[in-house]
Structures are given as C-alpha cells and as structure tokens.
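>>> coords below, sequence missing:
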C-alpha cells in the first residue's frame, strides 16, 4: 500500500515509518500540516495517518480541507487526546478511525488494513495493480502472472509495485533508489541492476511476453507493448 504519515514528533515518526516499511508498504512523511496537505492533494494514497496536533495546520483542519475537496481517502487519526468527546470530534471532522497514543504497532497496522477492507469499491480496486496478465494485490501481497503465483521478497515486491504504479513510464535509477530504497544518494553499486535481474527472473523468465524492459541509458519500464 502507499501511505501518507503526517507526524511532527521525530521518534514517533521513525517508529511508525520503520514498522510500515518493514511490512512492505511505501510511505511518504510530512512533518507539518501544510506539507502534509500538499502531499495529500498531489498524490494518491491508500490510507493517510494524521497526527491530531501538528504545526502550521492541525490534523483536523487537514482532514476538513480534504473532505471539502471531495478527497475520500481513509484517514486514521493519531492523538494523545483520549477523551470520548475528542474522539467524537475527530470522527465528525471526517476521520475514519481514531487511535490514541501510546499504541502497539500491531494495532496500528491492523487498523490501517481494516480501513482498506471497508473502503469503497473504487478504493478496493486501487488495491489491485495489473498489466497484461500480471496482477498484484496490495492488501494480501499476492502476485500472479497468468494465474500462477509468484513468490517475491520484500524489496522485489516494492520494486514491482513502484513499476506497476507507473505503467509505460521510464523509471530512472535515481527514482528507484529514492522510492524503493529511500537512498537520496548513489551507493555506487549495481544494487538496482542486481535486484531488477532477480525480479525479471521471477516475472518474465517463463513467459513469452516480456513486461519489464531496460531503457538503455535511462532506466527501466514495465509495459505490455513490445517495442
């Protein structure tokens, strides 16, 4: 899943980010409400995790702005305000769930998955990425090609998801380093090429049509077209 975390507390943010990424999810992080609202309106997310009290624009104001613009992305509110009236206020502002701090990471993850399951038909459809006969289920983390299951490691799954979200687009190595490995520098290794080779062995090797293509001098793309 592609998630957005809006949280200004560095320790809480790192705890959540680490857990979600270990669970195989792609996560964008904003440290204040203005940046969070910008990301929420510019990108598509499966679920947003919004801290109640963040600087520049508080969590409830973010949610109200999103709902006013017809953005229906599920929102999980995080807050240290545990009173019933505060939870009611959060839900009435447009939040879909409310989790008080401190919390166990397992509960956070379960609530995110529950929000996805009870989403609209359109949101459920976003849980599946497909191209030609290749299908990825983001909720169950199942990948199939031609009906045959493909067993992917965590990084292979994230790499394939990154490509599937950008069909027929050239994806550069820099984009992959930042989007899949969270590197904002080149490690000067063949990391990407080696991982891509493993992925192609699983996705393309036993099929006549190749879906993952090398774009010489640029990067890679996933496409059903055979140029």
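Happy to help now that I have it. Note that this is a predicted model, so its numbers are computed, not measured. Numbers count the residues shown, from 1 in each chain.

>>> use CA for all of it now, contacts and neighbours both
Fine.

>>> From residue 91, how far off is the residue of the chain positioned farthest from its centre?
Distance from the C-alpha centroid of the chain peaks at residue 85, with 31.2 Å (Cα atoms, centre = their mean). Relative to residue 91, residue 85 is positioned 10 Å away (Cα to Cα, to the nearest Å).

>>> Could you do residue 47 as well?
For residue 47, the distance to residue 91 - Cα to Cα - is 15 Å.

>>> cool, residue 22 as well?
The value you get for residue 22 to residue 91, if Cα to Cα is used, is 29 Å.

>>> which element follows whatever helix or strand residue 159 lives in toward the C-terminus?
Element membership for residue 159 (DSSP states H and E) is helix 154-164. The first helix or strand that comes after helix 154-164 along the chain, using DSSP H and E, is strand 171-172.

>>> tell me the phi and psi of residue 50?
phi -120, psi 120 (degrees, to the nearest 10).

>>> burial of it, as a residue count?
27 (other Cα atoms under 10 Å).

>>> show me what contacts it?
Counting by Cα atoms under 8 Å, 6 or more residues apart in numbering, residue 50 makes contact with 5-7, 59, 75-78.

>>> Among these, name the ones in strands.
5-6, 75-78 (DSSP state E).

>>> any idea which of the residues you listed has the most stuff around it?
Result: residue 6 is most packed of the ones in strands among the contacts of residue 50 (other Cα under 10 Å), 30 neighbours.

>>> Look up which residues are beta-bridged to it.
Residue 6 has the following beta-bridge partners by DSSP bridges: residue 30, residue 50.

>>> Who are the contact partners of it?
Residue 6 neighbours (Cα under 8 Å, 6+ apart): 29-33, 36, 48-51, 54.

>>> Turn those residues into TSV, including pLDDT and distance to residue 95.
Formatted as TSV, the contacts of residue 6 follow (pLDDT from 0 to 100; distance: Cα to Cα, whole Å):
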residue	pLDDT	distance to residue 95
29	96	18
30	96	18
31	95	19
32	95	18
33	94	15
36	95	15
48	96	10
49	97	10
50	96	9
51	95	11
54	94	15
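
>>> With respect to residue 1, which of the residues you listed is nearest?
Nearest to residue 1 among those, counting by Cα to Cα, is residue 48 at 10.8 Å.

>>> Residue 72 is in contact with that closest one, correct?
No. Look at residue 48 against residue 72 with Cα atoms under 8 Å: they stay out of range, at 10.5 Å.

>>> the more surrounded of these two?
More crowded of residue 48 and residue 72, by other Cα under 10 Å: residue 48, with 25 against 18.

>>> And for residue 34, the neighbour number?
Neighbours of residue 34 using other Cα under 10 Å come to 17.

>>> With residue 23 instead?
Neighbours of residue 23 (other Cα under 10 Å): 12.

>>> try residue 71
There are 14 residues near residue 71, going by other Cα under 10 Å.

>>> can you check residue 148 too?
Neighbours around residue 148, by other Cα under 10 Å: 11.
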